[in-house]
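In: need a 3D model of the sequence below.
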Amino acid sequence: MNVRRSAAALAASAVLCVGVAPAALADTAPPASPSAPPVIPSGLYGKNDPTYDGVWRQSFALLAQHTVGVKPAPQAVDWLVGQQCANGGFASFRADAGAACGATTMFDTNATAAAVQALKALGGKDEAVKKGVDWLKSVQNEDGGWAFVPGSPSEANSTSLVISALAVAGEKPAEVRSKAGKSAYEGLLPFQLGCAAEPASDRGAFAYQPVDGKLLANGDATAAAVLAGLGKGSAVVPSGTDTPAAPLPCPGGATDPASAAQGAAGYLAEALKKDGHLTAVTPGQVLPTPDTGNTADAVIALAAAGHKQSAAGALEWLKGNSAEWAKGSPAALGTLILAAHATGTDPKSFGGADLVSQLNATGPAPQGADTSATEVDGDAGKGSGNQNVWWMIGAGAAAGVGIGILLSGRRKKNQL
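Out: So this is what the prediction gives:
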């Protein structure tokens, strides 16, 4: 999971363009000029501008470190805790964490959900976790789901991320209900393509949001929904069992969140068979290109569902093709570490790379960690290095059409 943030940046632009929200970027601090380097806080992982992904990338860096037994630097944890607003929510990034959040703060359900997962895993941050959970509950839509920006229509990605965070924090998503009485799962399951889906190969997939009233299969939404349906977070404990993923049973379809998750896992397994990875069509291109980030998320989802062998081909593809995509990116490296951990793979020997050392080298040195990074040899990673550039250029041109349409086509995996 990583460049949901590039979509977030463009989503913010879309909101402002169409007048859906007030001046919501008041708490961010973009560079003074296009050529000025971003100011990176000393406790933050990553060297790129954190305006749209600071909390997200920090959360996944800390979660990945903790998952593989690395004790994060205290200043890194303190930075994340300090980003939380008094009401419990998080913005994508606040340059001045000492200033109170207010009416112009653009709260971010995705960043809040990621921070809740990380802080719960680290331990000792119960108050921050509880405040985050309470805030997420407070912005639940009447249909039971959540949006990236509170108050916008629900979508499967954000709903799934919030459900996973709630489950990790000890909540029961089926009992988390909106003011209209709809549960979190009632907000998620309507986004699944059922037995009537055309083509039939899309059965079990989840859509981001309806497009002209139609649900379209989306790998990002589907992988996130698997974890949510199983009541799991991104840090998946390797399973002791391994069964082949099966398609959504038809007729009948899913009967509960767990069976919906298994049907979604079946869709992912089938989608990975052709090339060993998921694909996406980026703006300006005719043919689909490898979607590295969603492929990593699919591996995590399949492992969580107990289907490591169904993820094996994609895992091998990631070993040989993710290096350039993940280079210097805390969120991308963290996602790969979580994919390795979920499948019982050594993240310190991943296609010739030590992912843990590479992640550690992007920020403050963890306690007792060796921060030397091991580069991947050969041509690994060439498949998706420029994907984020084209996505941001193309999606930026579409910002004026509104946040819902923009985000329905997003690919969060093209790391900023």
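In: gap between stretch 44-56 and the chain center?
Out: Centroid separation for stretch 44-56 versus its chain: 14 Å, with Cα atoms, centre = their mean, to the nearest Å.
In: now do stretch 205-219
Out: With Cα atoms, centre = their mean, you get 18 Å for stretch 205-219.
In: go through it and flag the buried ones.
Out: Judged by neighbour count using 16 or more other Cβ atoms under 10 Å, the buried positions of stretch 205-219 are Ala205, Phe206, Ala207, Tyr208, Gln209, Leu215, Leu216, Ala217, Asn218, Gly219. Using the backbone N, CA and C atoms, a C-beta is placed for each residue, glycine as well.
In: dump the residues you listed into TSV; add secondary structure and distance to Pro247 as well.
Out: Listed next are the buried residues of stretch 205-219 as TSV, based on DSSP: H, G, I helix; E, B strand; the rest coil; distance: Cβ to Cβ, whole Å:
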residue	secondary structure	distance to Pro247
Ala205	coil	11
Phe206	strand	14
Ala207	coil	17
Tyr208	coil	21
Gln209	coil	24
Leu215	coil	17
Leu216	coil	18
Ala217	coil	13
Asn218	coil	17
Gly219	helix	16
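In: pull the most distant pair out of the residues you listed.
Out: Gln209 and Gly219 (14.7 Å; Cβ to Cβ).
In: following the biggest helix by length in the chain, which helix or strand shows up next?
Out: For the chain, the helix reaching the highest residue count under DSSP state H is reported as helix 257-273. Of the helices and strands lying after helix 257-273 in sequence (DSSP states H and E), the nearest is strand 279-280.
In: the buried residues of stretch 205-219 into a markdown table, with extra columns for distance to Ala326 and pLDDT?
Out: Compiled in a markdown table, those are given as follows (distance: Cβ to Cβ, whole Å; pLDDT from 0 to 100):
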| residue | distance to Ala326 | pLDDT |
| --- | --- | --- |
| Ala205 | 26 | 98 |
| Phe206 | 25 | 98 |
| Ala207 | 27 | 98 |
| Tyr208 | 24 | 98 |
| Gln209 | 28 | 98 |
| Leu215 | 31 | 98 |
| Leu216 | 28 | 97 |
| Ala217 | 25 | 98 |
| Asn218 | 22 | 97 |
| Gly219 | 18 | 97 |
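In: residue farthest from the centroid of this protein?
Out: Pro251 (31.6 Å; Cα atoms, centre = their mean).
In: who are the contact partners of that residue?
Out: Cys195 (Cβ atoms under 8 Å, 6 or more residues apart in numbering).
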